[in-house]
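*Asks:* For reference, the sequence and a predicted model appear below.
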Amino acid sequence: MIELFFNLKLKGDDLLLGRKHIRVRSDAEDNTHMKSKIAYDLLNKWNIPSIQETYCELYINEEYFGLYFLLDTIKSNWIIKTYNLPTDEEVETLFYCKNTHTRFINGDECYNDNDKTANYTKPFENFIEKIKASESIDDIKKFMNIDLLMKNLAIEFLFGSHDHFILTGHNFYMYQRKDGIWDMILVDFDSDLGSSLYAYFLYALKINIDEYGYRLKLEDMLRSENRLIDIVYTKDKTAFKKALREIMITGFNPDALFKRIEELKEFIAPYVKKTTTPRPDGRLPGVINFKGSNNHHTYEDFEAVSRLENTSPVVPSLKSWIKNRFEFACEEYGLDKEEILREAAKFRGEILDEPENEKEDLFQNNEVEIDNESRISVSIEEITETENDDLENEYLDDKEMEVTGEIDDLENEYLDDKEMEVTGEIENAEDLDDEEYDDLENTEEDEEVEIEINEEIEDAEDSADEE
């Protein structure tokens, strides 16, 4: 069964929460409804360049479509904002590594993400040549953000990523900063934290790994030769172990994440209950195609997120993955588990009895309405997003503002200059074939659409007394 995905682009200078490009997507395959949220929150907490994600409810033509995620995308506007570039800067050195098996061997493995400079590939080609000429981590440091690279490798290892650089070689961006240094930016964490690693090895690679992949070494995640990893990891693991230890102390450990899981569970439980309850006609909210496998779950499946024991033969429980991967990382790289946990508690302020280093909850009631022949209503009731300092300044003040606009037919309908245009592209979740996709587009064509997104974001680390 298929649920809809949307890409939204705002017209002109219009922004939503400081964003030019917005994605609205479901997370139908994640019973916990929190794995990608936890992943992005951690990246923001670690001050790693990353998009941000929050919860929302989606309505189309007054029909409830379910609990969705609202997130920004990495485009020129995001680069300008994240790297503090002039607003009129033309971003020419952002490359998207979408195709699988990217190993930095050929200059065409990643493509320029700016349509205006799509043929400008010389910077990335030079980057490839520098990797080929490098022999040590000191050589790599001359043209690549090595601290960020090592943290990314540690994250992929701890998260059990099968969908990023180490294993499949895709779903990341390479951006050359103004100082000539390259940053690797990871995206798409919906299949991490135990979601797909075991299944990928078992069904795609035909390799049977033990215990859901808890004890899968980084070396065993590599499926082909990777010169960059050979230089920065295989030859000398010192920088990797330093990054790994820091990541574990400041976020990836059972004590911190188990608490976060329970806080998120309490917050989203009513919305999960609503999105997993069939309508009077027997259909689940948001399901528009009944062909294919039934990949939906029940509210009882969601409630199991609190359990440490596993209930699936393929996907471990979230807490089980975190606990076992943390313990294996300590064992594999000679780290003292108890020492890590003590330092993590101190980092959170628990030993010193100091306030936790988390952001305060921000509660706002804002409404953005786009009203024309078709209308989009966006209601943001609680804003308590992640630990990223910049995010707090991006939220709307307590006021109501109205702008006009409409959703186009997902191709080329535009409003007048004084109106907001939202271009929505439906993305299929997985397996819609061309014929089914054409049918889907035809049913959506010329249809007046109303989307109401009730966004509620929680920062469960702090009380709301500071509101």
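*Replies:* Great, that's in hand. Numbering: from 1, shown residues only.

*Asks:* Just give me the neighbour total for R283.
*Replies:* 12 (other CB atoms under 10 Å). For every residue, glycine as well, the C-beta is placed using N, CA and C.

*Asks:* Low-confidence bits of the stretch 201-350 of the chain, can you list those?
*Replies:* 289-295 (pLDDT under 70).

*Asks:* cool, and the stretch 1-150 of the chain?
*Replies:* For the stretch 1-150 of the chain (pLDDT under 70), the answer is 1-3.

*Asks:* now the helices: where do they sit in it?
*Replies:* 35-45, 76-82, 122-133, 137-141, 146-159 (DSSP state H, counting those that start in this stretch).

*Asks:* Reformat these as a markdown table; add distance to L341 and mean neighbour count.
*Replies:* Shown next, in a markdown table, are those (distance: least, CB to CB, whole Å; neighbours: other CB atoms under 10 Å):
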| stretch | distance to L341 | mean neighbour count |
| --- | --- | --- |
| helix 35-45 | 17 | 23 |
| helix 76-82 | 32 | 19 |
| helix 122-133 | 37 | 15 |
| helix 137-141 | 29 | 16 |
| helix 146-159 | 15 | 22 |
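
*Asks:* is it possible to export those helices to CSV including distance to F165?
*Replies:* Formatted as CSV, the helices of the stretch 1-150 of the chain follow (distance: least, CB to CB, whole Å):
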stretch, distance to F165
helix 35-45, 14
helix 76-82, 19
helix 122-133, 13
helix 137-141, 14
helix 146-159, 7
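
*Asks:* Indicate which one of the ones you listed is closest to D113.
*Replies:* helix 76-82 (7.7 Å; CB to CB).

*Asks:* wait, which of the helices of the stretch 1-150 of the chain is closest to T238?
*Replies:* helix 137-141 (8.6 Å).

*Asks:* Just give the number of residues close to F189.
*Replies:* Around F189 there are 25 residues (other CB under 10 Å).

*Asks:* Wait, it touches L42, no?
*Replies:* No. Counting by CB atoms under 8 Å, F189 sits too far from L42 to count as a contact (9.3 Å).

*Asks:* intersection of neighbour lists for these two?
*Replies:* Common contact partners of F189 and L42 (CB atoms under 8 Å, 6 or more residues apart in numbering): none.

*Asks:* for this structure, which helix is longest?
*Replies:* Counting residues, the longest helix found in the chain (DSSP state H) is helix 254-275.

*Asks:* how big is the angle separating that one from helix 35-45?
*Replies:* 140 degrees (axes from the mean of the first three to the mean of the last three CA atoms, to 10 degrees).

*Asks:* I figured E125 hits I105, correct?
*Replies:* No. Counting by CB under 8 Å, E125 stays clear of I105, with 11.5 Å between them.

*Asks:* contacts for stretch 255-267?
*Replies:* 32, 34, 37-38, 41, 251, 302, 305-306, 318-319, 322, 341, 344-345, 348, 456, 458, 460-461.

*Asks:* What residues sit buried inside that stretch?
*Replies:* A256, L257, F258, R260, I261, L264, K265, F267 (16 or more other CB atoms under 10 Å).

*Asks:* so which of those comes closest to N152?
*Replies:* Looking across the buried residues of stretch 255-267 and measuring by CB to CB, the closest to N152 is L257, at 19.0 Å.

*Asks:* So the closest residue to L216 other than its chain neighbours, which state does it fall into?
*Replies:* Spatial nearest neighbour of L216, chain neighbours left out: I209 (5.8 Å); criterion: CB to CB, 6 or more residues apart in numbering. For I209, the secondary structure call by DSSP: H, G, I helix; E, B strand; the rest coil comes out as coil.

*Asks:* what does M248 give?
*Replies:* Assignment for M248 (three-state DSSP): helix.

*Asks:* which residues touch the closest residue to it other than its chain neighbours?
*Replies:* Closest residue to M248 apart from its sequence neighbours, by CB to CB, 6+ apart: I340 at 5.4 Å. When contacts are counted by CB under 8 Å, 6+ apart, I340 touches R245, M248, I249, N253, C330.

*Asks:* again with D188
*Replies:* Taking CB under 8 Å, 6+ apart, one finds D163, H164, N171 in contact with D188.

*Asks:* How is the protein partitioned into domains?
*Replies:* 2-75+360-466, 76-249 (automatic domain parsing).

*Asks:* just how off-centre is the shortest one within its chain?
*Replies:* Just to be clear, that refers to domain 76-249. Put simply, domain 76-249 sits 15 Å off its chain's centre (CA atoms, centre = their mean, to the nearest Å).

*Asks:* Quote the end-to-end distance of that domain.
*Replies:* End-to-end distance of domain 76-249 (CA to CA, to the nearest Å): 33 Å.

*Asks:* cool, stretch 156-169 as well?
*Replies:* 11 Å.

*Asks:* picking up where we left off before, tabulate the buried residues of stretch 255-267 in TSV, adding columns for distance to A154.
*Replies:* Listed next are the buried residues of stretch 255-267 as TSV, based on distance: CB to CB, whole Å:
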residue	distance to A154
A256	16
L257	15
F258	20
R260	19
I261	21
L264	23
K265	26
F267	28
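
*Asks:* Need the max-distance pair from those.
*Replies:* A256 and F267 (16.8 Å).

*Asks:* Give me the neighbour count for H33.
*Replies:* Residues near H33, counting by other CB under 10 Å: 24.

*Asks:* any idea how far it is from K75?
*Replies:* Distance of H33 to K75, given as CB to CB, to the nearest Å: 26 Å.

*Asks:* try Y83
*Replies:* 13 Å.

*Asks:* Who has more neighbours out of these two?
*Replies:* K75 (17 against 14).

*Asks:* Give me the spatial nearest neighbour of the more buried one, chain neighbours excluded.
*Replies:* In space, K75 is closest to H21, 4.9 Å off (CB to CB, 6+ apart).

*Asks:* doesn't Y299 make contact with K273?
*Replies:* Yes. Using CB under 8 Å, K273 is in contact with Y299, at 5.2 Å.

*Asks:* tell me which residues in the helix or strand hosting E339 are buried?
*Replies:* Under the criterion of DSSP states H and E, E339 resides in helix 337-347. Under the neighbour-count criterion of 16+ other CB under 10 Å, helix 337-347 has I340, L341, E343, A344, A345, F347 buried.
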